[in-house]
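> Build me a model from this:
(one chain, ligands or ions: 1)
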Amino acid sequence: MRIFFLLGCIAFSFSFVLTSCNCKTHDGQITEAIIAEETIPDAMSVIFSRKSVRQYTEEKISNDQLELLVKAGMAAPTARNLQPWTFLIITEEVLLKEMADMLPFGKMLSQAAAAIIVCGDLSKVDVSGPEYWVQDCSAATQNILLATEALGLGGVWIGAYPSMERANSLKTFYNLPEHIMPLSVISLGYPKGEHVPKDKWDANKVFWNKWE
Ligand SMILES: Cc1cc2nc3c(=O)[nH]c(=O)nc-3n(C[C@H](O)[C@H](O)[C@H](O)COP(=O)(O)O)c2cc1C
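Just a heads-up that it's a prediction; the model follows:
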């Protein structure tokens with residue numbers, strides 16, 4: 001009986017030391033420390049290793065992988081569960097090159113293996129929250145980028161809406177219906193060269209319980 005009590009005390013002290021270390025250390029090392037813990041799901045390492053990748057090899061991405069990426073997009077949170085999104089998957093080289101010419105900051109599309117255009121379906125928009133579709137489609141875009149990282153692929157978010165110039169050129173080019181609004185284009189491929197995630201951790205941007 002005594003031995004169980006003793007073991008319990010040791011386990012409790014050990015977990016307390018670990019927890020207090022994590023709470024009090026407000027620097028970049030906290031990320032590595034958390035990832036190093038076996039009990040933390042692999043999702044954390046995916047989140048912290050995601051980065052924009054703009055150079056790709058010539059390797060193709062399979063349709064299964066592309067569909068999985070879109071599935072990840074559709075798993076995103078969405079206001080009132082309206083799911084006001086549609087996804088246009090582009091795999092044809094000629095279309096990717098046309099988009100590279102069309103989008104001022106989308107030149108990497110000319111090298112990409114594929115792209116996913118995340119669009120808002122404005123026919124599903126609710127009058128009580130007319131702009132929530134932007135947040136829903138942004139969450140979907142981020143989910144796709146995280147899934148991209150998890151599969152060992154590289155991707156980058158290319159902004160369309162709210163630039164009406166970019167959104168309208170995509171709408172015209174793909175002959176999209178009036179209620180379909182492109183929010184982002186995700187350029188995709190197998191990464192070429194080394195890409196290191198930026199460390200954006202900044203303790204000065206975090207407040208606890210009160211603004212000071
Ligand atoms: C709304 C939005 C629009 C973006 N548009 C572009 C773009 O048009 N072209 C581009 O190369 N990167 C674009 N990016 C990617 C950012 O440049 C990139 O996320 C940022 O530099 C941080 O780098 P990281 O993704 O590697 O962490 C965009 C990102 C967001 C969230």
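> Contacts only, for the spatially most central residue of the chain.
Compute the mean C-alpha point of the chain, and by CA atoms, centre = their mean the closest residue is Q142, 2.2 Å away. The contact partners of Q142, taken as CB atoms under 8 Å, 6 or more residues apart in numbering, are A76. For the C-beta atoms, the positions are set from N, CA and C on the backbone; glycine is no exception.
> Repeat the analysis, applying 10 Å as the threshold.
Listed by CB atoms under 10 Å, 6 or more residues apart in numbering, the contact partners of Q142 are 47, 50, 72-73, 76, 118, 157, 184.
> Which phi and psi values does L122 adopt?
Phi and psi for L122, reported as degrees, to the nearest 10, are phi -70, psi -10.
> And A150, by the same measure?
Here is the backbone geometry of A150 (degrees, to the nearest 10): phi -60, psi -30.
> Check the gap between it and the ligand for me.
As judged by CB to the nearest ligand atom, to the nearest Å, A150 and the ligand stand 15 Å apart.
> Also I117?
I117 is 13 Å from the ligand, where distance means CB to the nearest ligand atom.
> low-scoring stretches of this protein, by residue?
1-41 (pLDDT under 70).
> Enumerate the residues of it near the ligand.
Contact residues, the chain versus the ligand (CB under 6 Å from any ligand atom): 51-52, 54, 105-106, 156-159, 198.
> Only whichever of those residues are buried, select them in ChimeraX.
To isolate the buried ones among the residues of the chain next to the ligand in ChimeraX, judged by 16 or more other CB atoms under 10 Å, type:
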select :51,54,106,156,157,158,159
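> can I get the residues of the chain next to the ligand in JSON lines with secondary structure?
Converted to JSON lines, these look like this (DSSP: H, G, I helix; E, B strand; the rest coil):
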{"residue": "K51", "secondary structure": "coil"}
{"residue": "S52", "secondary structure": "strand"}
{"residue": "R54", "secondary structure": "coil"}
{"residue": "F105", "secondary structure": "coil"}
{"residue": "G106", "secondary structure": "coil"}
{"residue": "V156", "secondary structure": "strand"}
{"residue": "W157", "secondary structure": "strand"}
{"residue": "I158", "secondary structure": "strand"}
{"residue": "G159", "secondary structure": "strand"}
{"residue": "K198", "secondary structure": "coil"}
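> need the helices for this structure, in chain order.
2-24, 29-36, 43-49, 63-74, 93-102, 132-150, 164-173 (DSSP state H).
> Which residues in the third one does the neighbour count mark as buried?
Taking 16+ other CB under 10 Å as the basis for neighbour counts, the residues of helix 43-49 that come out buried are 45-46, 48.
> and if you look at stretch 100-113?
100, 102-103, 106, 108-109, 111-113.
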